[in-house]
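> Sharing a model prediction with you, sequence too.
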Amino acid sequence: MATSGEVLEMLCLAGGWIIVGDTFEGITWTDERPRCTKAEFEAGFAQYDAWKSKQDAKAAADKATLLAKLGITADEAKLLLS
């Protein structure tokens, strides 16, 4: 299950918040960036796992595309980074 911080990262990518605890009332908005509503925040807990899976799948696909362009395997890339 998602944490309140993870939900806020999903909803407010640009930041602009600090949270203490796990409730909407614990959010302190630090600037005038777009904010989420209490309803969006509460609904975000149910949406987070699907969003995170989609983000992870996109990152994996992007990595595979880059490796294919470079003509190397994932194992070869690991060797280059070690």
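Looks like it arrived, so ask away.
> Spit out the contact partners of the residue positioned nearest the centre of the chain.
With distances taken as Cα atoms, centre = their mean, the residue of the chain nearest its centroid is Met10 (5.1 Å). Applying Cβ atoms under 8 Å, 6 or more residues apart in numbering to Met10 gives the contacts Ala2, Gly44, Gln47, Tyr48, Trp51, Lys52. For glycine as for every other residue, the C-beta is placed from the backbone atoms N, C-alpha and C.
> Give me the spatial nearest neighbour of the fourth one, chain neighbours excluded.
If I follow you right, that is Tyr48. Using Cβ to Cβ, 6 or more residues apart in numbering and skipping the chain neighbours, the partner closest in space to Tyr48 is Ala2 (3.6 Å).
> which residues does that neighbour contact?
Contacts of Ala2 by Cβ under 8 Å, 6+ apart are Met10, Gly44, Phe45, Tyr48, Asp49, Lys52.
> of all those residues, which comes closest to Thr23?
Of all the contacts of Ala2, Thr23 sits closest to Phe45, with 11.4 Å by Cβ to Cβ.
> What is the burial count for Leu11?
Residues contacting Leu11 under the criterion other Cβ atoms under 10 Å number 19.
> Against the centre of the protein, work out the most remote residue.
Most peripheral residue of the chain (Cα atoms, centre = their mean): Gly71, 28.9 Å.
> got the phi/psi numbers for that residue?
Dihedral angles phi and psi of Gly71 (degrees, to the nearest 10) take the values phi 70, psi 30.
> Thanks a lot, catch you later.
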